[in-house]
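# need coordinates for the following:
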Amino acid sequence: MSASPGDRRRRSAGGRYARQSPVGRLAGKAALITGAASGIGLATVRRFTEEGARVLAVDLDAGRTAHAVAGYRGAVAVGTDIRDSSQVDAAYDRAFTEFGRLDTAVNAAGVSGAQADLCDLTDEDFADVVAVNLAGTFYSVRAAVRLMRRMSPAGGSIVNVSSVGALANFPLPAMYPASKAGVLGLTRAVAALVASDGIRVNAVAPGATDTPMLPQDEPVRRAVVDLGVLRRAASAEEIAHTILFLASDESAFYTGQTLSPNGGYVMH
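This is a model prediction of the structure:
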């Protein structure tokens, strides 16, 4: 059967259908994104604002964050230490003050920690990584749920950034995959707890990504990248595309799931 004139108008190059809406996928929505000054967090701020969202961009240094998101229409920078639950709560209060609502929270803040032999790692090395990657994510998820429950109707989407290191046996400093695996457990548990509130909670577990956290020593970098069958690192923007999908209504039937754009490190 031949395509109708309307169908033909909607087709783009290569036979795919182009999105026709004059507004973005997140138009009218408000988001809070941690780790927003660089890497995956910054790329996500950019994609969200391009899709019409207003964004509270959260990172440790307010000035650096403001500089990073300058020019992104709808982005407001806030300095927050996510290891401190009172600061996290204050950031969410600021989001509600700025936007009057919260539709999405993206927890992209993370650290890799000390690069050392297992037996040389200190208690502080372990605790510092867990404080940012796991406790900080928990504080943010808890604050997001509180606000999302206040909306009428209640609801929203939370996206937690984990790592392919939580899914595979990579020789990484122990506290990093441990903390990122904890993020996956947190994601599943909270997804079950808040489903009746209309809140969806999912995770993204990226493989090697071209951010400051990827090893800068070229032989080490090459060895890490070559673990994936695509034999390259993802761009931060490629990971942000997956986060955008989970934040948007296109993923309305996803909750408690982990999407892993990892270049073939792990295959399911």
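
# neighbours of the closest residue to Gly256 other than its chain neighbours, just the number please.
Using Cβ to Cβ, 6 or more residues apart in numbering and skipping residues adjacent in sequence, the residue nearest Gly256 is Ala191, 3.5 Å away. Where you see a C-beta, it was placed from the backbone N, CA and C, and this is true even at glycine. By other Cβ atoms under 10 Å, the residues close to Ala191 number 19.

# for Ala166, see how far away Ala191 is.
Distance of Ala191 to Ala166, given as Cβ to Cβ, to the nearest Å: 16 Å.

# so what's Arg232 up against?
By Cβ atoms under 8 Å, 6 or more residues apart in numbering, the residues touching Arg232 are Val225, Gly263.

# let's verify it: helix, strand, or coil?
Three-state assignment for Arg232 (DSSP: H, G, I helix; E, B strand; the rest coil): coil.

# who's in contact with the nearest residue to Ala53 once chain neighbours are set aside?
Spatially, and ignoring its direct neighbours in sequence, Ala53 is nearest to Leu26 (3.8 Å; Cβ to Cβ, 6+ apart). When contacts are counted by Cβ under 8 Å, 6+ apart, Leu26 touches Phe48, Glu51, Gly52, Ala53, Asp103, Thr104, Leu244, Ala247, Ser248.

# which residues touch the fifth one?
By Cβ under 8 Å, 6+ apart, the residues touching Asp103 are Leu26, Lys29, Ala30, Ala31, Ala53, Met148, Gly155, Gly156, Ser157, Ala247.

# what average pLDDT does stretch 139-150 get?
The predicted model assigns stretch 139-150 a mean pLDDT of 97.

# contacts made by that stretch with the rest, please.
Outside stretch 139-150, the residues within contact range by Cβ under 8 Å, 6+ apart are 32, 34, 82, 85, 88-89, 91-92, 95-96, 102-103, 105, 107, 154-156, 158, 160, 186, 190, 194, 197, 199, 201.

# helices of the stretch 51-200 of the chain, residue ranges please.
Assigned helices in the stretch 51-200 of the chain, in chain order: 62-69, 85-99, 123-130, 136-150, 175-194 (criterion: DSSP state H, counting those that start in this stretch).

# enumerate the positions of the second one that are buried.
For helix 85-99, a neighbour-count test (16 or more other Cβ atoms under 10 Å) marks Ser85, Gln87, Val88, Asp89, Ala91, Tyr92, Arg94, Ala95, Phe96, Glu98, Phe99 as buried.

# pLDDT weak spots in the stretch 101-250 of the chain?
Residues of the stretch 101-250 of the chain that meet the criterion pLDDT under 70 lie in 171.
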